[in-house]
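Enquirer: Provide a 3D model corresponding to the input given below.
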Amino acid sequence: MIEDKNQQRTSIAQLGEFGLIDHLTQQFEITQPSTIKGIGDDAAVLDFSNKKTIVSTDLLIEGVHFDLSYMPLKHLGYKAVSVNVSDICAMNAKPTQITVSVAVSNRFPLEALEELYTGIALAAKVYNVDVIGGDTTSSQTGLLLSITALGEADETEIVYRKGANATDLLVISGDIGAAYMGLQVLEREKQVFLVNPNNQPDLDNYTYLIERQLKPEARIDVREILEKLEIKPTSMIDISDGLSSEIMHLCKQSGVGCNVYEDKLPLDPQFINVCEEFNIDSTTVAINGGEDYELLFTIKMDDYDKIKGNPNFTVIGHMTQESEGIHLVTRANTKIELKARGWNALSEEA
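Expert: Numbers count the residues shown, from 1 in each chain. Next comes the predicted model:
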């Protein structure tokens, strides 16, 4: 958290807009067959042949979506790509290209933007997507980062939020809640640092949680795993705003209800320990935390034997008739109505 006062700082004004673009994008290579023309012209040219094109975009604003006092710019670049690629994965599609737009104030030197774009380039390589364009401009309010992700899929492969049936099983990839608790750890250490800037945080016991917050991974593997298992989800969404919110999205779009079981929620041991340390109920965090970027989907009851025991997935509940409502079934076998208490970007507290 201690800033290096002697680091080199090159003003981005020295390069100008086009010089800056050339400098920051020289590391990007084209790998996707569907990319005919990327950066360097008035627009990109793509050819998806007979496949459908999937598009998602996201805007990250300093002070709203991230805090640079503990979010390294390299991690921010990586995370920005991950959260958009995750949306493509949530459609059961293959991510192929991204565009990157950045607005920066003059307090950011060239070296800072190089760090940001290093993270973007690393994520592009990990997810095998081409960076094909974007924009740069000035900002009076800090850093703004917008990424648009594109993907491709056959029409028969695409999975929407709508499509769940009243007898389907509710399945989740990975574990949940860790990203939120990682944020709590970072916020606590920030407050300690503000009181004593010479204090260096000891984060060894929180490495998994902090990584889930600062460097989340989009589940690009799920599509291939499900294909090998010969399972096509009936509905799907990624967990960005919180499990409760995403379940309600699936139910609303599909016209069904849901019972999700507390004792089935996949929780990492480090997450449980830190919830106890913070005196926070782990179930509450797991349901409402958000930013896990795992995939939540429904499958037909007949596909249960194909997925049971698979270490990538956990069946956490089942869909019901819409009239039965949306509930959490506690360990004491009590039904509690689920409410969307996850992230709301337009709330007064956000």
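
Enquirer: burial of the spatially closest residue to residue 35 that is not a sequence neighbour, as a residue count?
Expert: Ranked by C-beta to C-beta, 6 or more residues apart in numbering and with sequence neighbours excluded, the top spatial neighbour of residue 35 is residue 130, at 4.6 Å. From N, CA and C alone the C-beta is placed, and that goes for glycine too. Applying other C-beta atoms under 10 Å, we find 23 residues neighbouring residue 130.

Enquirer: got the CA positions of stretch 99-115 in CSV?
Expert: Output in CSV follows, covering the C-alpha atoms of stretch 99-115 (Å, rounded to 0.1, in the frame of the first residue of the first chain):
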residue,chain,number,x,y,z
THR,A,99,-12.9,-3.7,-27.1
VAL,A,100,-11.3,-1.5,-24.4
SER,A,101,-12.2,2.2,-23.7
VAL,A,102,-10.4,4.2,-21.0
ALA,A,103,-10.9,7.7,-19.6
VAL,A,104,-8.1,9.0,-17.4
SER,A,105,-7.3,12.1,-15.5
ASN,A,106,-3.8,13.7,-15.7
ARG,A,107,-2.8,12.2,-12.4
PHE,A,108,-2.2,8.9,-14.2
PRO,A,109,1.2,8.7,-15.9
LEU,A,110,2.0,6.5,-18.9
GLU,A,111,3.5,3.9,-16.6
ALA,A,112,0.1,3.5,-14.8
LEU,A,113,-1.7,2.9,-18.1
GLU,A,114,1.0,0.4,-19.1
GLU,A,115,0.2,-1.6,-15.9
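
Enquirer: let's number from 54 now, not from 1
Expert: Understood, numbering begins at 54; the last thing we discussed is stretch 152-168.

Enquirer: from the chain's centroid, how far away is that stretch?
Expert: Here stretch 152-168 is found 22 Å from its chain centre; the criterion is C-alpha atoms, centre = their mean, to the nearest Å.

Enquirer: quick revisit: okay, the residue nearest to residue 88: pLDDT?
Expert: Reading off the confidence values, residue 183 has pLDDT 94.

Enquirer: OK, contacts around it?
Expert: 81, 82, 83, 84, 85, 88, 91, 149, 150, 151, 177 (C-beta atoms under 8 Å, 6 or more residues apart in numbering).

Enquirer: ditto for residue 181
Expert: Contacts of residue 181 (C-beta under 8 Å, 6+ apart): 84, 85, 148.

Enquirer: coming back round to it: look up which residues are beta-bridged to the residue nearest to residue 88.
Expert: residue 150 (DSSP bridges).
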